[in-house]
Structure formats: C-alpha cells, structure tokens
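> okay, predicted coordinates and the sequence, questions at the end:
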Amino acid sequence: MSELVDRISLCIERGKVNKVTPYPPDLRNQEGSDELTKQALAEGVGPEIILKACNDGMQRIGERFSKNEVFVPELLMAAKAMQAVMVHLEPFFKKGSIKAKGKLVLGTVAGDLHDIGKNLVRMVIEGNGWEVIDLGVDVKSAKFLETIKNTPDCVVGLSALLTTTMVNMSKTVQEIKAQFPATKIIVGGAPLTMETALKMGADSYSHDPQGAVAFLDKISAA
Ligand code: B1M
C-alpha cells in the first residue's frame, strides 16, 4: 500500500498524469497519478494520506525548481498531475452538511496563478458546510469588492503563493476594509505568516484549510 502511495508522490514530482500521456518519456506506458489514485482509494487508502503524498511530491519539485534543476514546464506538468488526483479526492472533501453555515468569497490575488492550494481550501471549506463563491485566480480588488457588495455578510478568503503578490494581497485587504470594514478576511498561502497577515489588516491567517475552517466556524458561532 505504501508503495502505491510513493508512486503517486513520484507521479506528482515527475508530472505523470495518466497512462496515455507520453510525458515524462522514461515513464511512458506506466500508470499516472490518475489511475494510481483511483486504485489507492479502491484499496482503502485514506484521502488524507494520498494528499500528503501529493504535497510531498510538490515540495520536491518546488525544491528542484529553486535549484534550477527543473523549469516552469515541469511545474506545470506537476500541477496537471495534482489536478488529476484532486478530481478523485473532491467527493471525500465535499461530504458536508446540507444548510450552508455562511458564504465565503475566495480567490487567488491579482498577479498570482497558483490555484491548487486555493482549490483544496475550497473543497475542505465546502465539505465543512460553507458555501464558497470561488472567483478563481488573478483576481483584482475590484472583482472582490463587487462580489462582496452583492453578497451581504460574506467572509473573504485570499490566497497568494508568491512573495511578489503579497503586495497585491495587502492592497486588496486594505481596499476591502476601507469599503466594507465589517467584512472579515482570512488570508493564506506559503509565503505568509500570521504576523504579515495582521500587518496587512486581515483578521486571520491559516497555513492550511483546517485552520481556515476553524476561523470560519468561530465566526458563524459568534
Ligand atoms: Co510556482 N512558485 N511559479 N508554479 N510553484 C512556487 C510557489 C515557488 C515556491 C517555487 C520555488 O521557487 N520553490 C515559487 C515562489 C517563490 C516565492 O515567491 N516565494 C514559484 C514561482 C517563482 C513561480 C513563477 C514566478 C515561475 C516563473 O514563471 N519563473 C510562476 C508565477 C506565475 C504566477 O502566478 N504569476 C509560477 C508558476 C507556477 C505554475 C503555473 C507552473 C504552477 C501552478 C499551477 C497551478 O496552481 N494551477 C506552479 C507550481 C505548481 C508551484 C509549486 C511547485 C507548487 C504549488 C502548489 O500547488 N503546492 C510551488 C513550490 C511549492 O509550493 N513547494 C511553486 C501544493 C499546494 C497544496 O500547497 O499552494 O501552498 P499550497 O496551498 C496550501 C497552503 O499554502 C494553504 O493551504 C493549502 C493546502 O494545504 N493555503 C491557504 C493556500 N491558500 C490558502 C488560503 C487560506 C488558507 C490556507 O485561507 C483563505
């Protein structure tokens, strides 16, 4: 079983999506993250274990990218392999209650195209009974402001993966707080900390989806 999980992790790192994709050439005709995830779930491997293996694979490809051993195309293939896994994991995260506890307006901030983490956050939050309005990636402040205007009492979640887009996140937080001071904002993403989050004016920060759920549930209980 652990061999299967290790193979999924390797598929993420190497960007192997499924058996028919020719990339990477040395894994040609071998099963990819798609088939292996299906098989692992059928054999009773928990979705959290699969997710952890994927994150480890992402971590390794990220480190190799930092060392200039791989480049953007390899990152893109890793992202594709991860998306193939998420299709299978989504139903497990989405098993939630029926009546929504509240609404979260979620998006990756302007200039930032990373959405794997944001999509995971969405799945876990939806699975915990919140309705999520997902604005996607590269979301400008104006789009957040317009959506908040049309969604009274919503909470806002912002994601950023780049050090450079933290500036845009900060700008978005400030613009939201200027127009809608009562709107609660939670931010997340690898380059952030609670300190940077509070400094930009957000109400909270979480380094994982579960922390975001805890924050939202505290708001809905208040
Ligand atoms: Co890029 N990338 N990337 N990338 N990429 C990183 C982030 C990087 C750390 C790689 C590295 O150098 N080691 C680096 C950023 C360095 C920095 O600024 N600190 C980097 C870079 C530099 C870039 C480009 C600039 C490369 C270039 O073009 N030269 C470029 C920027 C494009 C842009 O956005 N404008 C770029 C592009 C890409 C791809 C498009 C190829 C692809 C993304 C595809 C996609 O998302 N659809 C990509 C990928 C795949 C990565 C890595 C390898 C993996 C990211 C990921 O999906 N992780 C990444 C290296 C790494 O992270 N190890 C890297 C898995 C995911 C589950 O984790 O996203 O952290 P994460 O989400 C977590 C938490 O952060 C948290 O919960 C999630 C689930 O646990 N979280 C929240 C996230 N949002 C939250 C919100 C919350 C709460 C928690 O509340 C609202």
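Received it, and whenever you're ready, just let me know what you need. Residues are numbered from 1 along each chain as shown.

> which residues does residue 160 contact?
Neighbouring residues of residue 160 by C-beta atoms under 8 Å, 6 or more residues apart in numbering: 108, 109, 112, 114, 166, 168, 169, 187, 189, 191, 192. Every residue, glycine included, has its C-beta placed from N, CA and C.

> out of the residues you listed, which are buried?
Among these, those buried by neighbour count (16 or more other C-beta atoms under 10 Å) are 108, 109, 112, 114, 166, 168, 169, 187, 189, 192.

> isn't residue 212 right next to residue 121, touching?
Yes: counting by C-beta atoms under 8 Å, residue 212 does reach residue 121; the two are 5.8 Å apart.

> intersection of neighbour lists for those two?
Common neighbours of residue 212 and residue 121 (C-beta under 8 Å, 6+ apart) are 157, 188.

> picking that back up, ok, and which of the buried ones among the contacts of residue 160 reach the ligand?
Residues of these in contact with the ligand (C-beta under 6 Å from any ligand atom): 112, 114, 187, 189.

> so of these, which ones are in strands?
residue 187 (DSSP state E).

> between the ones next to the ligand among the buried ones among the contacts of residue 160, which is nearest residue 7?
Set against residue 7, the nearest of those by C-beta to C-beta is residue 114 (24.9 Å).

> how about the closest one, phi and psi?
Per-residue torsions, residue 114: phi -70, psi 120 (degrees, to the nearest 10).

> Throw the ones next to the ligand among the buried ones among the contacts of residue 160 into a markdown table and include pLDDT and distance to residue 51, thanks.
Output for these, formatted as a markdown table (pLDDT from 0 to 100; distance: C-beta to C-beta, whole Å):
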| residue | pLDDT | distance to residue 51 |
| --- | --- | --- |
| 112 | 98 | 22 |
| 114 | 98 | 17 |
| 187 | 98 | 21 |
| 189 | 97 | 17 |
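
> residue contacts, residue 201?
By C-beta under 8 Å, 6+ apart, the contact set of residue 201 is 170, 173, 174, 177, 185.

> ok so the fourth one is a helix residue?
Yes: inclusion of residue 177 in a helix is indicated when DSSP: H, G, I helix; E, B strand; the rest coil is applied.

> how many residues are close by it?
By other C-beta atoms under 10 Å, the residues close to residue 177 number 17.

> quick check: it touching residue 183?
Yes: counting by C-beta under 8 Å, residue 183 is a contact partner of residue 177 at 7.4 Å.

> just the strands in the protein please.
In the chain, strands defined by DSSP E lie at 103-108, 131-134, 155-159, 185-188, 204-206, listed in chain order.

> the ones you listed: which one's closest to residue 219?
Counting by C-beta to C-beta, and looking across all of the strands of the chain, nearest comes strand 155-159 at 6.1 Å.

> direction included, what does the closest one pair up with?
strand 103-108 (parallel), strand 185-188 (parallel) (DSSP bridges).

> the lengthiest helix in the chain near the ligand at all?
Looking across the chain with DSSP state H, the single longest helix is helix 72-93. Yes: counting by C-beta under 6 Å from any ligand atom, the ligand has neighbours in helix 72-93: 72, 75, 76, 78, 79.

> quick check: the gap between the last one and residue 61.
I take that to be residue 79. Look at residue 79 and residue 61: by C-beta to C-beta, to the nearest Å, they are 9 Å apart.

> those two: which has the busier surroundings?
Remark: of residue 79 and residue 61, residue 61 carries more neighbours, 22 against 18, as counted by other C-beta under 10 Å.
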